[in-house]
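*Asks:* What shape does this take:
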Amino acid sequence: MLHILLISWLHLLHPFYVSVTEVEHNPKTKTVQMSVRVFFDDFEKALNKRYKTNVNILKPKDRKEIELMISGYIKEHLVLKADDRLLTFKYIGYEIKEDAAWCYFESGQVESIRRLDIQDQLLFEQHESQINMIHAIVGGKRKSTKLDNPQSKAVFLF
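*Replies:* Numbers count the residues shown, from 1 in each chain. Coordinates of the predicted model:
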């Protein structure tokens with residue numbers, strides 16, 4: 001019983017910091033669709049620091065301004081290349097689900113992908129113990145990896 005109580009206390013004293021990015025090549029639209037999930041409180045702190053303002057993702061005073069900040073931050077900290085070609089993403093929007101912000105993006109035309117290079121530094125400046133999970137789906141094949149700060153690069157071969 002004491003052991004369980006101690007583990008519970010340690011969890012409260014040492015929270016974990018994680019983001020999850022899912023990248024999927026859609027063969028019908030020939031685009032890459034990307035969703036990024038981050039805890040909104042950690043994300044707000046990163047946006048506050050980056051843009052030197054007080055950000056409220058849950059109840060923004062100016063949603064368009066928050067959307068620009070979210071899009072800008074993620075595009076600066078998450079870079080993807082398909083077969084050595086830099087992908088540019090259009091920001092679609094975000095929504096809050098429970099304690100996370102889900103942010104959505106879509107690329108321009110990408111016929112096929114054999115190699116996907118990802119550099120993911122989301123929230124690395126916030127937490128030394130930040131972990132970024134990445135799931136990539138191409139041609140129906142799903143591959144995943146975990147990046148522990150400061151490791152920020154992943155390569156997937158399909």
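*Asks:* which stretches of this structure have low pLDDT?
*Replies:* Residues of the chain meeting the criterion pLDDT under 70: 1-14.
*Asks:* What residue, apart from its backbone neighbours, is nearest the residue positioned nearest the centre of the chain spatially?
*Replies:* In the chain, the residue lying closest to the centroid (Cα atoms, centre = their mean) is V36, at 3.6 Å. Leaving out its chain neighbours, the residue that sits closest to V36 by Cβ to Cβ, 6 or more residues apart in numbering is C103, at 4.5 Å. For the C-beta atoms, the positions are set from N, CA and C on the backbone; glycine is no exception.
*Asks:* quick check, that neighbour in a strand?
*Replies:* Yes. Counting by DSSP: H, G, I helix; E, B strand; the rest coil, C103 is found in a strand.
*Asks:* what about it, neighbour count?
*Replies:* C103 has 24 neighbours, counted by other Cβ atoms under 10 Å.
*Asks:* I'd like the distance between it and L123.
*Replies:* Going from C103 to L123 by Cβ to Cβ, to the nearest Å gives 13 Å.
*Asks:* Please apply the same query to I134.
*Replies:* 14 Å.
*Asks:* which of the residues in stretch 76-91 are buried?
*Replies:* Neighbour counts over stretch 76-91 (16 or more other Cβ atoms under 10 Å) mark 77-80, 82, 87, 89, 91 as buried.
*Asks:* Convert that stretch to CSV, retaining C-alpha atoms only.
*Replies:* Only the C-alpha atoms of stretch 76-91 are listed here, as CSV (Å, rounded to 0.1, in the frame of the first residue of the first chain):
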residue,chain,number,x,y,z
GLU,A,76,9.0,26.5,-36.9
HIS,A,77,9.5,23.4,-34.7
LEU,A,78,8.2,20.6,-36.9
VAL,A,79,9.8,20.2,-40.4
LEU,A,80,9.1,17.3,-42.8
LYS,A,81,10.8,16.2,-46.0
ALA,A,82,9.4,13.6,-48.4
ASP,A,83,12.1,12.1,-50.5
ASP,A,84,14.4,15.0,-49.8
ARG,A,85,11.7,17.6,-50.8
LEU,A,86,10.7,20.0,-48.1
LEU,A,87,6.9,19.8,-47.4
THR,A,88,4.9,23.0,-46.9
PHE,A,89,1.8,22.7,-44.8
LYS,A,90,-1.5,24.6,-44.8
TYR,A,91,-2.8,25.1,-41.2
